[in-house]
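[1] Give me a 3D structure for the following:
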Amino acid sequence: QVQLVESGGGLVQAGGSLRLSCAVSGRTFSSYAMGWFRQAPGKEREFVAAISGNGDSKYYADSVKGRFTISRDSAKNTVYLQMNSLKPEDTAVYYCAGDLRGTYYLRMDPRTIRSWGQGTQVTVSS
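    Residues are numbered from 1 along each chain as shown. Okay, the predicted model is just below:
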């Protein structure tokens, strides 16, 4: 397994932007599909975005399409989530996750994912 550490969360006004980062330890970063999830108070954790190990394939939840962009930098072992046009409903704790099996499990069966970060709080004020 790899170790994941998120950063970049904070308080922002509606319409603003934030960029989350997830630093990944280990030498096998390019083998991992990576994803972002979020959990709002009183709600279940939900999928936000995923990216394949080589970065060629990207997937987004409908609620963030056109506003959020996932990317990865193999030289820095880091995956990013650029969040634009933020809305109050984007308020949540955001988690980074990784899986060697590919993006399918990040998108469809996150309960089987074993590599998670500790989360970073994003709060969007109206």
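[2] Quick check: chain neighbours aside, which residue is closest to residue 19?
    Excluding the flanking residues, the one nearest residue 19 by Cβ to Cβ, 6 or more residues apart in numbering is residue 82, at 5.0 Å. For the C-beta atoms, the positions are set from N, CA and C on the backbone; glycine is no exception.
[3] all helices for the chain, in order.
    103-108 (DSSP state H).
[4] Just to check, residue 45 is in contact with residue 39?
    Yes: look at residue 45 against residue 39 with Cβ atoms under 8 Å: they come within range, at 4.2 Å.
[5] what residues are shared contacts of these two?
    Contact criterion Cβ atoms under 8 Å, 6 or more residues apart in numbering; residues shared by residue 45 and residue 39: residue 95.
[6] out of those two, which sits in the more crowded spot?
    Ranked by neighbour count (other Cβ atoms under 10 Å), residue 45 and residue 39 place residue 45 first, with 17 against 14.
[7] The more buried one and residue 103: what is the separation?
    Residue 45 sits 17 Å away from residue 103, going by Cβ to Cβ, to the nearest Å.
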